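# Here you go, sequence then predicted model.
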Amino acid sequence: MNNESPPPQPAAGDPVANFREAVRLHGLGQLDEAEGFYRAVLARSPVHPESLLNLGLILKGRGQYDTALSLWRTSVLNNPGQASAHVATGKVLAMLGRVAEAVRAFEAALAIDPRDVDALNCRGNALSRLGRQAEALASYEQALAIHPNYGLAVVNRANVLGARGQAEAAVAGYQRALALGERQPEILGAKLFQQLQICDWSDYELATWEIAHRIGGGEPADLPFSVLSHSDDPAVQLACAQIHAKARFARPPPPLWTGETYAHDRIRVAYVSSDFRNHAVAHLIAGLFDRHDKTRFEITGYALGPRSDDAKRQRIRAAFPVFHDVAQVSDLEVARMIRAAETDIVVDLNGYTTHCRPGIFACRPAPIQINYLGHPGTMGADFIDYIVADRHVIPAGAEQFYSEQVIRLPHSYQVNDHDRVVPPQTPTRREAGLPDAAFVFACFNANYKLSPAVFSVWMRLLNQVPGSVLWLLESNPAVVRNLRAQAQARGVDPGRLVFAPKVTPEAHLARHRLADLFLDTLPYNAHTTASDALWVGLPLVTCAGQGFAARVAVSLLEAVGLPELITESLEAYEAQALELATQPARLADLKARLAASVQTAPLFDTDLTRRHIEAAYTIAWARHQRGEPPKAFDVEP
């Protein structure tokens, strides 16, 4: 005997009762049953606003976005005084990457109800994605003027402040959000990352422990890129990326490439990046695009935002036979462009770095999708097939910490541009604010890469090398203030920290000649910055960590023929740096060896790395054509 009650059925001809029951079922999560009651209401009242809105929300949750948008379009056309359908429309459009349209939807809602804080917050998010950050801030501040304790707007305002380089204000915003009890995903990591931008280490140990602990428990406590700046545990890095990818792509779109077989005369490779401009990635990879074998590879560039027309963009654009500026094109439409071109291999040069758009790759526009160069770690996503590495950055046995299959190039994974010009003129030390006769330790890494443990090593070195100075980048006044305070707390005269102002990339390369020794950071090494130093002839001492980001300088030093500058502990790192600073003959010998090898070393042989990358593409494509799934492989020298 079955004692289960039959499911409730709509009451014929009673839209009020049906709507009431629909809302009750909807609140209980019984969405299929709720849908029937909403449809019963609409059968009698086809433009009933709440039923159109709520039924659309159910369909949105199932990924039926076009149908949901159609319902809300019906609602706004027939219920002009209702703002909620405009807000719902804007949220879906933003999720689909149709951000400019989303802004218009939120503004339509605000024209009806200017005090709708949800619409104000969402408009701010969309404006921020379009790079209109000042307008985004104004939108959040309007929301907060209406609802001062609206935690979402507090967090999003802090996000934009951080993106604008206002790290201190961003930190204050995150602290306020936490005090309000806001539990936004990744807020702890966002706060710590902005603290690292100004070298505020006041709660470094506790914050890094708590973030790792929460990630270990499956919580989204940090972003996959920022976690690299403070965690050297590749298991934590993988978990962080997987948590983020799962949340971001909880309902992955249907794949655009569904197994079709392509037969082209040349392998079609698409490069997708926001950094085809004056950016570290472009400085490394521009020579590859110039030298690609276009008799065997048909290459296309897809430039994400922000838009640029600087000299680097012009050079890169000229290297591509086909180049698309897709800054204002939705993720889905970019993916459709890649699919329509029958692209064989698509290379994501962003990963999870600033301005990334992994939603393009989640649409699976190509048979083979590769993570390369921009993000020194795993994507944690099943839609990326390979990661390009080498035996140093991902040593044997570490493959388990990468969701991708590992392609190992024979020397260094990092391509470099052999055509980068270093101006012949070098400023004097006095012009650079350096003492004439001092030993100059230098580190030009971004501030977020500096850590308390490594800084303590640097201060001990200054204490052990009389008169020496430490030369760092001057990115903002808070960094200068905080690092000088940290130096004084470690018994070092704050005046022995010298800060280099921002100059052109060429002038920055030239001033490297004024330094004696580059000191690397951990757990996030110098990457492009290390190549800059070595290219100019400045030796670098590194300490190898466990993760990809913590082993890049190992790869570079091996590929330039200076493996003795690689250490395995901070104690050995300190001893090596001290020895070089106090033994001028040994340091001079290293500089001479570097100067002699830099023009011929594999690290700076762009054409050699180009051939290895093309070999990797060829092997991956041949395996695909044989019907084999992606599988790790090494490229032979």
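Perfect, thanks for sending it.
# Could you count how many residues lie near residue 318?
Other residues lying near residue 318 total 11 when counted by other C-beta atoms under 10 Å. Every residue, glycine included, has its C-beta placed from N, CA and C.
# And residue 73, by the same measure?
There are 14 residues near residue 73, going by other C-beta under 10 Å.
# so what are the domain limits for the protein?
1-82, 267-409, 440-604 (automatic domain parsing).
# Mind jotting down where the helices sit in the stretch 451-600 of the chain?
452-464, 477-489, 505-511, 528-536, 552-560, 570-582, 584-597 (DSSP state H, counting those that start in this stretch).
# any chance of those helices in a markdown table, with distance to residue 345 and mean neighbour count too?
Listed next are the helices of the stretch 451-600 of the chain as a markdown table, based on distance: least, C-beta to C-beta, whole Å; neighbours: other C-beta atoms under 10 Å:
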| stretch | distance to residue 345 | mean neighbour count |
| --- | --- | --- |
| helix 452-464 | 38 | 18 |
| helix 477-489 | 40 | 17 |
| helix 505-511 | 30 | 17 |
| helix 528-536 | 24 | 24 |
| helix 552-560 | 23 | 27 |
| helix 570-582 | 39 | 17 |
| helix 584-597 | 33 | 14 |
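# of those helices, which approaches residue 627 most closely?
helix 552-560 (33.0 Å; C-beta to C-beta).
# Can you give me the distance of the nearest residue to residue 141 once chain neighbours are set aside to residue 448?
Sequence neighbours aside, residue 157 is the residue nearest to residue 141 in space, at 7.0 Å (criterion: C-beta to C-beta, 6 or more residues apart in numbering). According to C-beta to C-beta, to the nearest Å, residue 157 stands 20 Å off from residue 448.
# Settle it for me: which of these two has more neighbours?
Each of residue 157 and residue 448 has its neighbours counted (other C-beta under 10 Å); residue 157 has more, 26 against 23.
# Residue 99 contacts residue 330, correct?
Yes - counting by C-beta atoms under 8 Å, residue 99 does reach residue 330; the two are 7.4 Å apart.
# follow-up on the earlier one: phi, psi of the residue nearest to residue 141?
Here is the backbone geometry of residue 157 (degrees, to the nearest 10): phi -60, psi -40.
# show me what contacts it?
124, 137, 140, 141, 144, 173 (C-beta atoms under 8 Å, 6 or more residues apart in numbering).
# mind listing the helices for the stretch 101-250 of the chain?
Counting by DSSP H, counting those that start in this stretch, the helices of the stretch 101-250 of the chain are 117-129, 133-146, 151-163, 167-179, 187-197, 204-216, 234-248.
# Could you find the closest non-adjacent residue to residue 119?
In space, residue 119 is closest to residue 109, 4.2 Å off (C-beta to C-beta, 6+ apart).
# Ok, residue 191 next?
residue 174 (3.7 Å).
# All the strands of this protein, in order from the start?
Taking DSSP state E as the test, the strands found in the chain are 267-273, 297-303, 322-325, 345-348, 368-371, 386-390, 405-409, 440-443, 469-473, 497-500, 517-519, 540-543, 566-567, 633-634.
# Output those strands as a markdown table; include the columns mean pLDDT, mean neighbour count and distance to residue 620.
As requested, the strands of the chain are exported to a markdown table (pLDDT from 0 to 100; neighbours: other C-beta atoms under 10 Å; distance: least, C-beta to C-beta, whole Å):
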| stretch | mean pLDDT | mean neighbour count | distance to residue 620 |
| --- | --- | --- | --- |
| strand 267-273 | 98 | 24 | 9 |
| strand 297-303 | 98 | 22 | 13 |
| strand 322-325 | 98 | 16 | 21 |
| strand 345-348 | 98 | 26 | 7 |
| strand 368-371 | 98 | 26 | 5 |
| strand 386-390 | 98 | 26 | 6 |
| strand 405-409 | 98 | 23 | 7 |
| strand 440-443 | 98 | 23 | 37 |
| strand 469-473 | 98 | 22 | 38 |
| strand 497-500 | 98 | 18 | 42 |
| strand 517-519 | 98 | 26 | 35 |
| strand 540-543 | 98 | 27 | 30 |
| strand 566-567 | 98 | 21 | 30 |
| strand 633-634 | 98 | 14 | 8 |
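# For this protein, which residues score under the pLDDT cut-off?
1-5 (pLDDT under 70).
# So which residue is smack in the middle of it?
residue 353 (1.4 Å; C-alpha atoms, centre = their mean).
# and the nearest residue to it once chain neighbours are set aside, what is it in contact with?
Nearest non-adjacent residue to residue 353, counting by C-beta to C-beta, 6+ apart: residue 374, 5.0 Å away. Listed by C-beta under 8 Å, 6+ apart, the contact set of residue 374 reads 273, 275, 281, 348, 349, 350, 351, 353, 356.
# Look up phi and psi at residue 374.
phi -70, psi -40.
# And the one 5 residues further on, by the same measure?
Listed backbone geometry of residue 379 is phi -90, psi -20, with angles given as degrees, to the nearest 10.
# wouldn't it be in contact with residue 403 here?
Yes - using C-beta under 8 Å, residue 379 makes contact with residue 403 at a distance of 6.3 Å.
# what about these two, which has more around it?
residue 379 (26 against 18).
# Kindly provide the distance from that one to residue 387.
8 Å.
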